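A.B. asks: What would the 3D arrangement of this be:
(2 chains)
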Amino acid sequence: QSALTQPASVSGSPGQSITISCTGTSSAFGDYNYVSWYQQHPGKAPKLIIYDVNNRPSGVSNRFSGSKSGNTASLSISGLQAEDEADYYCSSCNSISAVFGGGTKLTVL
Amino acid sequence: EVQLVQSGAEVKKPGESLKISCKGYGYSFTSYWIGWVRQMPGKGLEWMGFIYPGDSDTRNSPSFQGQVTISVDKSISTAYLQWSSLKASDSGIYYCGRRAIFGGGPFEMWGQGTMVTVSS
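C.D. replies: The predicted model follows:
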């Protein structure tokens, strides 16, 4: 699978909404709807927050949502909170491989 | 509690061998793929490979093929990541993760990470 490209950083103020993009080739996304997103706080393991483009695991806030159009997947966070400040990674998996985007650092101003 | 628990931090010299572990608790270990992911200092996540504990079927990233060995001992619900000759560039945090059975099999649960430092 090819690389997935994310912006290095995004920022927003508390209460605002932000979107993080993840762009790849059709071969990178492979099985088209298997895009997931992970949140990683400093010194912590990643946490799955979105899977299969727009599904949230149990316990993940509904402020997090995902979408996909063409070769670009997106993670949106509404009502930004200080605790959302973290690194975010997109990923695509299939039966034989996985690939991660380079990561986006979200700063809550 | 359903969890993955990894072995502790390691400090090694270049050329030494190393085997780190990832033990599953609270679920049927043989029914879920386990993956390994590297995070070099200050960098992003890199997929290294998967193993299916039920039959030891393994998938390796081309980037890590031949550099590491992924194995499993299902009798003790433990997956391993092994190096035969470490390099300084192997320094980083290594995470194991359990792949979900649903959808594309994202990493739905992660170990706490094992920090590996390789320095002379």
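
A.B. asks: hey, let's count contacts and neighbours off CA atoms from now on
C.D. replies: Noted.

A.B. asks: Residue 11 in helix, strand or coil?
C.D. replies: Reading this off chain A. strand (DSSP: H, G, I helix; E, B strand; the rest coil).

A.B. asks: State the distance from the closest residue to it other than its chain neighbours to A:Pro42.
C.D. replies: Closest residue to A:Ser11 apart from its sequence neighbours, by CA to CA, 6 or more residues apart in numbering or on different chains: A:Thr107 at 4.6 Å. According to CA to CA, to the nearest Å, A:Thr107 stands 12 Å off from A:Pro42.

A.B. asks: related to what we said a few turns ago, okay, the residue nearest to A:Ser11: pLDDT?
C.D. replies: pLDDT, A:Thr107: 98.

A.B. asks: With neighbour numbers in mind, choose between A:Thr107 and A:Pro42.
C.D. replies: A:Thr107 (17 against 10; other CA atoms under 10 Å in any protein chain shown).

A.B. asks: other SSEs contacting the helix or strand containing the more buried one?
C.D. replies: Per DSSP states H and E: A:Thr107 is located in strand A:104-108. In terms of contacts (3 or more CA pairs under 8 Å, 6 or more residues apart in numbering or on different chains; DSSP states H and E), strand A:104-108 is packed against strand A:9-12, strand A:86-93.

A.B. asks: Up against chain B, what does chain A have?
C.D. replies: A:31, A:33-36, A:44-48, A:51-52, A:89, A:92-103 (CA under 8 Å from any CA of the partner chain).

A.B. asks: For stretch B:88-102, buried residues please.
C.D. replies: Buried residues in stretch B:88-102, counted by 16 or more other CA atoms under 10 Å in any protein chain shown: B:Asp90, B:Ser91, B:Gly92, B:Ile93, B:Tyr94, B:Tyr95, B:Cys96, B:Gly97, B:Arg98, B:Arg99, B:Ala100.

A.B. asks: low-confidence ranges in chain A?
C.D. replies: Where chain A drops to pLDDT under 70, the residues are A:1-2, A:26-32.

A.B. asks: residue ranges of the helices in it, please?
C.D. replies: A:26-29 (DSSP state H).

A.B. asks: what residue is smack in the middle of it?
C.D. replies: Centroid check for chain A by CA atoms, centre = their mean gives A:Trp37 as the closest residue, at 3.5 Å.

A.B. asks: partners of that residue in the sheet?
C.D. replies: Per DSSP bridges, the residues bridged to A:Trp37 are A:Ile50, A:Cys90.

A.B. asks: what sits against it?
C.D. replies: A:Trp37 makes contact with A:Leu48, A:Ile49, A:Ile50, A:Tyr51, A:Leu75, A:Tyr88, A:Tyr89, A:Cys90, A:Ser91 under the criterion CA atoms under 8 Å, 6 or more residues apart in numbering or on different chains.

A.B. asks: All set, thanks.
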